[in-house]
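next input, structure requested:
(chains A and B)
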Amino acid sequence: MTDLPETRSTKKLGLVIDLDTCVGCHACVVACKAWNTENYGAALADTDAHGAAPSGAFVNRIHSYEVTGDGAPRIVHFPKSCLHCEDAPCVTVCPTGASYKRAEDGIVLVNEDQCIGCGLCAWACPYGAREQDPVAKVMKKCTLCVDRIDNENLPEADRIPACVRTCPSKARHFGDLGDPDSHVSQLVEARGGMDLAPEQGTRPVNKYLPPRPKEDEIDVLAPLLAPVAEEPKGWLGWLDRALDRLG
Amino acid sequence: MKDDSHFDPSPAPGDAVRKTTCYMCACRCGIDVHMKGEEVAYIEGNRDHPVNKGVLCAKGAAGIMQHNSAARLRAPLRRVGERGEGKFEEITWDEALGIVAKRLGRIRETDPKKLAFFTGRDQSQSFTGYWAQQFGTPNYAAHGGFCSVNMAAAGIYTIGGAFWEFMSPDWEAAKLFLLFGTSEDHDSNPIKLGLAKLKERGTPIVAVNPIRTGYNAIADEWVGITPGTDGLFVLSLIHCLLKAGKIDLDYLSRWTNAPCLLDGDPKSRTYGLILRDEGGRALVMDRASRKPVPWDAAGVKPDLAGRWRHAGTTHASVFLTLSDRYLSDEYAPETVAPKCGLDPAQIHRISARIAHAAFDQSWQHEQDWTDFRGEHHTHVTARPVSIHAMRGISAHSNGFQTARAIHLLQVLIGAVDVPGATRFKPPYPKAAASHPRPHADTHAGQPLDGPHLGFPLGPEDLLVDEASAPLRLDKAFSWENPISVHGLMHMAISNAYAGDPYEIDTLFLYMANMAWNSSMNTQAVMGMLSDKDENGDYVIPFIVHADAYSSETVAYADIVLPDMTYLERHDCISLLDRPISEPDHAGDAIRWPVVAPDRDVRPFQSVLVDLANRLGLPGFVEGGEPLHSDYADYMQMHERRPGVGPLAGWRIGETGLTDGRGAPNAGQIDQYIAAGGFKTYAVPEAARYMKPFNAAWWDWSCDMGFTDAPAPYLFELWSEPLRRFQMAAEGIGARQPPEHLRARMRLTHDPLPIWYPPLEDGHADPVEYPFYVLTQRPAAMYHSWGGQNPWLRQIHGENVLYLPTNLWRSGGFSEGDWARVESAHSEITVPVAHMAALNENTVWTWNAIGKRRGAWALSPEAPEAQRGFLVNHLIHELLPEKGDGLRWSNSDPVTGQAAWFDCRVKVERVPRERISHPAIARQDSPVGQGPSVVARSTGEPDPAPGMMSYILKFLFMNKRLRANPHKEDEQ
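Numbers count the residues shown, from 1 in each chain, chains lettered A, B, ... in the order given. Below is the predicted model:
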């Protein structure tokens, strides 16, 4: 099957996704679709596009989960795309070498010219992050917008994945998770960034920042308000004194 | 090392970038449209644009699919079948415009009010309103009456500005943010950008919404309130803050009418109005001299606790009157919490948070400014509590007073237009009194006597005849809803059908889906549009509809005028209308044809110019010569007042190009295009805060042409216009309401914010119908528009009714179940799902996902047309009968705002169905059905995969596996 690179740079490009800030608006999903259908390999097709069971290739999706337990129930929006695992089982399972992990930055890519659409990689991926294009029948996945991040035709500021550029609530961050000083590593450090399903042993590069504690898990900052007086007359007295102080 | 040569690492996103304004919802973000040749290749947010600063939402990013939509109308259509069937023939523009112009010409020469022109989610209301005014019909409005007029009216009458359009939270400096009744929509990207800034600083977000989706999901504190009780919750916060003395007395005494004395003499003709001297100046007690003096007299110290004993009567200040009311235990958290579905401790906690942020975390912001009294200040006091509110507040019959309560809360803590607080966006602030009054005086062959929509200050401004009958078809500005400042588009069809207050000839609609999700009681409205009288003629004689897409409403038109997409036409996001300002700058923008249409379509606004020219309307034609060739020409050359036109940038000044006031510039649109499609105008430093009272603001406002003279004002905690209507209801004054409205007006037109239960509670038995049914706007859909979009419909192509845990259990529901949902008026049968993060008295679904079979170029088998549903069928424009012989309108009695969210239902489990009910008959599609396979990219189709892959594919053929086996369904 296909080997992971033997020697690697320390560079590990990936995403850090803030679950405390993601409002589940799907902006990243559509920006991803729009960039990647026009660029990198075959278009991202949609079948039955106006029909009963529309189904298209999206390489970034948002799932919404309701969390119940102690305290008020809440909803967590969970964007999911390829995590660019260090031990990527989707690569090692590939029979043709179409799936590969780049030695220089760890991005996992598919060479569509070599992809036979067998789907083994989608089975191997524990995160369901790969989708076969319903028309081109090749495997589609997040490329970290490999055709944006070093793109000489884009302004410097735009050399980031389309999902990160568009995210309105700034829940998505892109950078080198192999560099402990990078802003993404700092975020992971500060916010307790987590691996998705670490028990799978794939060592994902992407990290998730967990939701911050909510009202029922934190002490209220301010003390409750004390009345200035219990009696109505007392309140008017307070008002008079307070107005005097205004001068 | 693997070979990366299979992909291009540096593809150019396009060979040209054209910068224009998005129209995938109402937010008016800037977009970069990347072109390859004359094809759109990619759309992303414009980094320089003040609204979205580079980001773009799902709708905006999917704009390319809307632009290429299969549902686009292709040519003018004439109906050949019956109304509602969707059977049309294509005709030429000359034919279509000839038919329409002939009909409108006859109406104008005989009785202009027989044209009803209503324009939906129109972003050119300044223009369409002007057109209707020149035509001479009083029957014009856009969609505000069924959207958020409660918010707009309450804000403008109370503080001279309103949430969203005319105000913005101070995202940079707030220490606490309260979000009321806002789902995932307006205003989309600015709120998300703002939330990101708050999160970055760790600023607490408190979200008040029965449903914890979207923005509410990331709030630090969720107030899962029972629908329609927000006003009570806010008045309870006010109770707590007053009781604890956590109010800004200095702000109240200087900048509000709180110290003004109220006429306390029940026999007086001005009882309950503010006492005034002979010159009409409001009186306050001077704290130094203990005498009543004009509020703005030199050196006066207005006494908030003022009382004036005079001729046997005590006249108390507004502040004493309001504190007396809200200190009552009626508003104590312990009293109100059960009605709100909340724990009293949460109300105490949030009031403490507000006080802590407003007063403990305040600072003095250095700014030299001079107030309208001439007093100089070196600082502005920050009150870093920002608030935003939207339709959850608005869409109730008590929404006007609830929105007023929110503004009262802001003012009591001094948190309007100061650092950290909600701030005005130019051209606001502007008091109600500085707006025009409404007009409806119509004469054959003449323009209307003034703008349609305005701000009544009392009964004398109502649009009613001597017998109290409404002058407008929608009954706006009548006794039923005196302050209906946006009109009542949602009543136009039912009133036209009933011939009440009069019959019309032509209903002219623009981009409003009134035969579907924009109407209450949808099925009946479809019947009204297609019903015939005893002679076999349609009851509504003629319907013209202008739209870019094959909506449900198209099927009911006699003539369809196909509009262009937003990338094909000119538009003007004007300071005369709803611009793109932020607190520190004014701004306006354009749309322009970044791509040419491939169909026989015309931009609607240019069609209106054409019609105006054919009809010879004043303002469009002078001396027999048309003034404007099309809308682009109007945008540049029209002057509303001398020197003031639709676009403020690059006007012709005395010595060169200038902004604000100036002569028209025939090259203005080119300037906008060169500058990225927009222009901003910085508010001078000294004018940035305390604008209503700030001399520098008013100077700049006059320079820019927002106003012709300074118009400073005080915040109206006590609303005199409301009191004037209330007085009329009490029998005072010459103009008197009909008897049956008196009691309700006395209650609802209270000059201080009040809470009363949603009106439907008094009509539909709360025990029999225990749940409120709501909708939320999905972030990735704009009303019914998104359903045609192959990308967006994969995100929101299904809707279910979400049920709270208590109902889920008591009703014996399980996954995949269906329910019959019954209101006092009607019933629907729909799929349901459980949701825990939901108020226990609430059921809800996503808005406008359901589609009529045959609409929007979708297959009749599409889930939207099979299982998708509207709750609109459950909601009637009239409240259920309650045995008093009257039918009361399902709207706010002050503003006429459609009370969508008052509806009460019961929910019962039923056997599982395949399609939701009511199942409306299919309409024919004038555009056919969209293609099955879409693989969007520019240029030639992708080359076939290499030969190697074919060989390997053959080898592995019997091992082909389903892609993405782990893919879960969307929520």
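
tell me the secondary structure for the closest residue to chain B within chain A?
The nearest approach of chain A to chain B comes at residue A:128, 2.5 Å away (C-beta to the nearest C-beta). No exception for glycine: its C-beta is placed from N, CA and C like everyone else's. Under DSSP: H, G, I helix; E, B strand; the rest coil, the three-state class of residue A:128 is coil.

which stretches of the chain have low pLDDT?
Defaulting to chain A. Within chain A, the stretches with pLDDT under 70 are A:215-222.

sorry, should have said chain B
Where chain B drops to pLDDT under 70, the residues are B:1-2, B:940-971.

what domains does the record give for it?
For chain B, the structural domains run B:18-61+B:568-682, B:156-430+B:716-726, B:759-910, going by automatic domain parsing.

now tabulate the ones you listed in a markdown table and tack on distance to chain A and mean neighbour count.
Converted to a markdown table, the domains of chain B look like this (distance: least, C-beta to the nearest C-beta, whole Å; neighbours: other C-beta atoms under 10 Å in any protein chain shown):
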| stretch | distance to chain A | mean neighbour count |
| --- | --- | --- |
| domain B:18-61+B:568-682 | 4 | 20 |
| domain B:156-430+B:716-726 | 3 | 22 |
| domain B:759-910 | 4 | 22 |
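
what's the closest of those domains to residue B:750?
Set against residue B:750 and scored by C-beta to C-beta, the domains of chain B come closest in domain B:156-430+B:716-726, at 6.6 Å.

now the end-to-end length of the closest one.
19 Å (C-alpha to C-alpha, to the nearest Å).

cool, and stretch B:27-42?
Distance between the boundary residues of stretch B:27-42 (C-alpha to C-alpha) amounts to 20 Å.

so which residues of the stretch 651-800 of chain B form strands?
Using DSSP state E, counting those that start in this stretch, the strands found in the stretch 651-800 of chain B span residues B:651-652, B:657-658, B:678-682, B:771-776.

tabulate the ones you listed (JSON lines), appending distance to residue B:565.
Putting these into JSON lines (distance: least, C-beta to C-beta, whole Å) gives the following:
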{"stretch": "strand B:651-652", "distance to residue B:565": "29"}
{"stretch": "strand B:657-658", "distance to residue B:565": "31"}
{"stretch": "strand B:678-682", "distance to residue B:565": "20"}
{"stretch": "strand B:771-776", "distance to residue B:565": "26"}
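
looking at these, spot the one closest to residue B:138.
strand B:771-776 (31.5 Å).

so which elements touch the closest one?
If you count contacts as 3 or more C-beta pairs under 8 Å, 6 or more residues apart in numbering or on different chains; DSSP states H and E, strand B:771-776 packs onto strand B:842-846, strand B:904-910.

and the helices in the stretch 101-250 of chain B?
In the stretch 101-250 of chain B, the helices defined using DSSP state H, counting those that start in this stretch lie at B:125-135, B:149-158, B:188-201, B:214-217, B:230-243, B:249-255.

the nearest residue to residue B:719 once chain neighbours are set aside and residue B:305, how far apart?
Spatial nearest neighbour of residue B:719, excluding adjacent residues (C-beta to C-beta, 6 or more residues apart in numbering or on different chains): residue B:751 at 4.8 Å. According to C-beta to C-beta, to the nearest Å, residue B:751 stands 19 Å off from residue B:305.

list the contacts for residue B:934?
By C-beta atoms under 8 Å, 6 or more residues apart in numbering or on different chains, the contact set of residue B:934 is A:45-46, A:49, A:56, B:65, B:790.

show me what it is bridged to.
Here residue B:934 sits in beta bridges with residue A:46, as judged by DSSP bridges.

and residue B:663, how far from residue B:488?
39 Å.

the contacts of residue B:934: which two are farthest apart?
A:45 and B:65 (12.9 Å).

so how many other residues sit close to the residue nearest to residue B:719?
Neighbourhood size, residue B:751 [other C-beta atoms under 10 Å in any protein chain shown]: 25.

contacts only, for it.
B:272, B:718-720, B:722-723, B:726.

I figured residue A:174 hits residue A:17, correct?
No: using C-beta atoms under 8 Å, residue A:174 makes no contact with residue A:17, being 10.1 Å away.

ok, back up a step: need the helices and strands packed on strand B:771-776 in TSV with distance to residue B:887, can you?
Listed next are these as TSV, based on distance: least, C-beta to C-beta, whole Å:
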stretch	distance to residue B:887
strand B:842-846	26
strand B:904-910	17
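
which residues does the nearest residue to residue B:777 once chain neighbours are set aside contact?
Leaving aside its chain neighbours, residue B:777 sits nearest to residue B:185 (3.7 Å; criterion: C-beta to C-beta, 6+ apart). Neighbour list for residue B:185: B:25, B:390, B:777, B:779, B:782 [criterion: C-beta under 8 Å, 6+ apart].

ok so, going back, what separation do you get for the residue nearest to residue B:719 and residue B:723?
Distance from residue B:751 to residue B:723, by C-beta to C-beta: 4 Å.

which neighbours do those two have in common?
residue B:272.

ok, residue A:194 to residue B:522 distance?
47 Å.

ok so, going back, for residue B:158, state which of the contacts of residue B:934 is nearest.
Closest approach between those and residue B:158, by C-beta to C-beta: residue B:65, at 41.7 Å.

now name the helix or strand holding the closest one.
Element membership for residue B:65, per DSSP states H and E: helix B:63-67.

buried ones in the helix or strand just after that helix, by neighbour count?
Downstream of helix B:63-67, the next assigned helix or strand under DSSP H and E is strand B:77-79. For strand B:77-79, the buried set under the neighbour-count rule, 16 or more other C-beta atoms under 10 Å in any protein chain shown, comprises B:77, B:79.

re earlier: quick one: which of residue A:174 and residue A:17 has more around it?
Neighbour comparison, residue A:174 and residue A:17: the larger count goes to residue A:17, with 26 against 23 (by other C-beta under 10 Å).

determine the longest helix present in chain A.
As assigned by DSSP state H, the longest helix anywhere in chain A is helix A:232-246.

in it, what counts as buried?
For helix A:232-246, the neighbour count (16+ other C-beta under 10 Å) marks A:235-236, A:238-239, A:242-243 as buried.

need these in a markdown table (columns: distance to chain B).
Converted to a markdown table, the buried residues of helix A:232-246 look like this (distance: C-beta to the nearest C-beta, whole Å):
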| residue | distance to chain B |
| --- | --- |
| A:235 | 6 |
| A:236 | 7 |
| A:238 | 6 |
| A:239 | 5 |
| A:242 | 6 |
| A:243 | 6 |
